[in-house]
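1. heads up, no residue letters with this:
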Ligand SMILES: [Zn+2]
């Protein structure tokens with residue numbers, strides 16, 4: 001192990017000590033006593049700062065935007081309630097001990113390098129139920145975005161975020177178009193399941209939704225709630241893969257039509273593809289006919305999405321005269 005590297009256990013120790021308000025000098029001393037390794041004061045403090053970056057809004061502010069289309073995914077912490085049993089429980093509002101909060105989010109500008117996935121979570125905070133800092137990061141991105149791409153985000157992510165924004169005193173972010181890939185796939189395809197896991201398993205080759213191997217099922221969330229740093233790192237990877245696989249899935253299904261959203265307009269690149277944003281150009285692909293019109297059709301060279309020209313090729317010809325007489 002190199003001098004600068006720390007084990008998960010050592011990192012966990014530093015974060016927990018910091019959370020309980022121990023000073024840096026005390027932490028360094030305790031660290032050396034406990035692990036019997038020589039790490040410098042600066043190394044210990046820097047490794048903590050690197051973890052802390054994940055919960056800092058300016059981390060997001062410093063990333064450069066390359067598109068106006070944002071792919072995002074959030075994870076929430078569950079609400080906690082007093083219940084009398086396991087089955088068929090009817091939980092009244094006054095039985096709620098702790099309402100749900102946002103645990104983490106991952107986001108990426110469409111077309112940006114996979115290395116540029118942005119991410120924040122509540123690790124290392126004294127109160128992991130305090131999501132104000134990570135909401136501030138998400139709010140900034142949403143305020144900049146003109147369009148967002150999500151999986152089930154119209155019903156879930158956007159509404160959950162809005163609920164936390166208004167509760168935490170944020171203004172509404174600038175409005176944005178919303179492409180919900182779940183709705184797109186349900187509209188066009190009769191798959192057995194339209195969940196991200198199934199869809200990315202079938203259609204994606206580069207990124208598939210990750211399965212929870214290390215922390216199975218609910219344990220990933222319950223370990224995060226305990227402040228387990230390893231669980232947070234697992235959540236980070238899982239959350240980032242959701243965004244990367246969603247981007248790949250979006251680009252697979254977008255050519256089939258994503259509704260009234262035009263990415264070339266949104267990104268300010270008039271010759272680009274409406275669906276995938278590619279600037280590789282289009283091929284002519286037959287004609288579209290109406291009762292009195294004939295229009296050139298094109299297909300995107302990259303994704304195959306079809307568009308058509310607005311110019312009627314039959315204007316002022318004998319066809320149009322006959323039909324309108
Ligand atoms: Zn395209």
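-> Nice, thanks for sending it over. Given the structure is predicted, the values throughout are model-derived calculations rather than measurements.
2. Nearest the geometric middle of this structure, what residue?
-> What sits nearest the mean C-alpha location of the chain, by CA atoms, centre = their mean, is residue 72, with 2.1 Å.
3. Got the phi and psi for that residue?
-> Residue 72 has phi and psi values of phi -140, psi 160 when expressed as degrees, to the nearest 10.
4. Residue 141 - how many residues pack around it?
-> 22 (other CB atoms under 10 Å). For every residue, glycine as well, the C-beta is placed using N, CA and C.
5. helix or strand for it, which one?
-> If you go by DSSP states H and E, residue 141 is part of helix 132-144.
6. counting contacts, what elements does that helix pack onto?
-> Here helix 132-144 touches helix 57-61, strand 69-77, strand 101-109, strand 118-121, helix 157-167, going by 3 or more CB pairs under 8 Å, 6 or more residues apart in numbering; DSSP states H and E.
7. that older thread, now the residue nearest to the centre of the chain. Nearest residue, chain neighbours left out?
-> In space, and not counting its chain neighbours, residue 72 is closest to residue 107: 4.1 Å by CB to CB, 6 or more residues apart in numbering.
8. Next, the contact list for the one you found, please.
-> Applying CB atoms under 8 Å, 6 or more residues apart in numbering, one finds that residue 107 lies in contact with 70-73, 117-119, 138, 141, 243.
9. Buried ones among the residues you listed?
-> For those, a neighbour count by 16 or more other CB atoms under 10 Å gives the buried set as 70-73, 117-119, 138, 141, 243.
10. What spatial separation is found between residue 256 and the ion?
-> With distances defined as CB to the ion, to the nearest Å, the gap from residue 256 to the ion amounts to 11 Å.
11. Isn't that residue up against residue 188?
-> Yes. Under the criterion of CB atoms under 8 Å, residue 256 lies in contact with residue 188, with a separation of 4.6 Å.
12. who has more neighbours, the two?
-> Neighbour tally, residue 256 and residue 188, criterion other CB under 10 Å: the higher count belongs to residue 256, 16 against 12.
13. ok, now how distant is that one from residue 170?
-> Using CB to CB, to the nearest Å, residue 256 is found at 35 Å from residue 170.
14. how many other residues sit next to residue 109?
-> Here the neighbour count serves as a burial measure; for residue 109 (other CB under 10 Å) it reads 23.
15. Also residue 38?
-> Summarising burial for residue 38: neighbours were counted as other CB under 10 Å, giving 9.
16. what separates it from residue 30, distance-wise?
-> Taken as CB to CB, the spacing of residue 38 relative to residue 30 amounts to 14 Å.
17. likewise residue 130?
-> If you measure residue 130 against residue 30 using CB to CB, the figure is 26 Å.
18. does the nearest residue in space to residue 309 that is not next to it in sequence sit in a helix, a strand or a coil?
-> Distance criterion CB to CB, 6+ apart; nearest residue to residue 309, sequence neighbours excluded, is residue 296 at 4.2 Å. Assigned with DSSP: H, G, I helix; E, B strand; the rest coil, residue 296 falls in the strand class.
19. who's residue 296 bridged to?
-> Beta-bridge partners of residue 296, counted by DSSP bridges, are residue 287.
20. tell me the pLDDT at it?
-> The per-residue pLDDT reported for residue 296 equals 93.
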